Every structure is written in C-alpha cells, then in structure tokens.
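Engineer: no FASTA, just this:
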C-alpha cells in the first residue's frame, strides 16, 4: 500500500496539469460566442511582449495542495516516534500542501503574448492571448469582440 501511494499521488498531480488552455487562444470561440455578432476593429501592432498566463485551476488548488499534503504527511509519519512523529507528520503535511500547490500553479501556466495595438481610429489597446501564432510590430490585425472578450487575428 505504501508503494502505491506515491504512484497515485504522482498521477493526481499529473492530472492537475490537464488544464484546458484553449480559451486563451485567439482561434477558439466559446459556445456562447458562436452564432452571435461581434464587433470588428482594425489596427496595427505597435509592440509585442511575451508574457505568462496563469490559467485558473479547475479544482481551486485542492488537487495539488491535497495531494502534496497527503504525500508530505505520509513521509513525515515515517520520521521519529511519539509526539515527534506527530509533529513531523503535521510539518510534512503543511510543507507538502505548499509544494503541491506550487506544482499545480506551475502546471497551469501557459505562454502568452501581450499585443499593443493602435486602432485605425487612433486608440491604443492591449490584448493578452495565448502565444499560438507569430505577431510582429507593423502587422495589420483585426480585433474581434469587445470589452473583456477580445481576440486578435491577422488581417
């Protein structure tokens, strides 16, 4: 049983990395966007900067933190005896939870691009989306959507 626990925990942490990052792409539309009209604005890219997008965890960090706490607690329980073992178990669980949460956060991070665009109307806007295509300063683009729901595509 003790040998299966690390394998099961590693499997759970691996699943934490299975976040759906497609919504951050300029090429993916949500179901509610299909068959609805969207605003289109044209512009020119002024600057491109690589960024990281921290995708939201589907489990609210519980999978990584919970698995880490479980592993840390089991490992801490192997240390010492009596009240020392209890302290080691608690410390292992806390440390494991912190480490597991960091692992899950890291697995949920994707490469993005920050695009500064001057619209043909003279307004400057910035859009961040998944870095799944190349953009360059001077490139003409379309801004599709409005408000908090805008994607950038080549023109």
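Structural biologist: Happy to help now that I have it. Keep in mind that what you see is a predicted model, and the values were worked out from it rather than measured.
Engineer: what ranges do the strands span in this structure?
Structural biologist: Counting by DSSP state E, one finds strands in the chain at the ranges 40-54, 109-119, 124-130, 140-146, 149-154.
Engineer: so can I have TSV of these showing mean pLDDT and distance to residue 82?
Structural biologist: Glycine gets a C-beta too; all of them are placed from N, C-alpha and C. Below are the strands of the chain laid out as TSV (pLDDT from 0 to 100; distance: least, Cβ to Cβ, whole Å):
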stretch	mean pLDDT	distance to residue 82
strand 40-54	93	42
strand 109-119	91	42
strand 124-130	92	53
strand 140-146	92	62
strand 149-154	90	58
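Engineer: do you know which of those lies nearest residue 79?
Structural biologist: strand 109-119 (32.6 Å; Cβ to Cβ).
Engineer: can you give me the angle that closest one makes with strand 149-154?
Structural biologist: Between the axis of strand 109-119 and that of strand 149-154 there is an angle of 80 degrees, by axes from the mean of the first three to the mean of the last three Cα atoms, to 10 degrees.
Engineer: Save the strands of the chain as a markdown table, and put in distance to residue 87 too.
Structural biologist: Listed next are the strands of the chain as a markdown table, based on distance: least, Cβ to Cβ, whole Å:
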| stretch | distance to residue 87 |
| --- | --- |
| strand 40-54 | 34 |
| strand 109-119 | 34 |
| strand 124-130 | 45 |
| strand 140-146 | 54 |
| strand 149-154 | 50 |
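Engineer: can you tell which of those is closest to residue 77?
Structural biologist: Of all the strands of the chain, strand 109-119 comes closest under Cβ to Cβ, at 31.8 Å.
Engineer: Could you list the buried residues of the closest one?
Structural biologist: 110, 112-113, 115, 117 (16 or more other Cβ atoms under 10 Å).
Engineer: Pull the number of nearby residues for residue 96.
Structural biologist: 24 (other Cβ atoms under 10 Å).
Engineer: now do residue 84
Structural biologist: The burial count for residue 84: 10, using other Cβ under 10 Å.
Engineer: do you know how far it is from residue 91?
Structural biologist: Applying Cβ to Cβ, to the nearest Å, the value for residue 84 to residue 91 is 10 Å.
Engineer: I'd assumed residue 130 was in contact with residue 115.
Structural biologist: No. At 11.5 Å, residue 115 does not count as touching residue 130 under the criterion of Cβ atoms under 8 Å.
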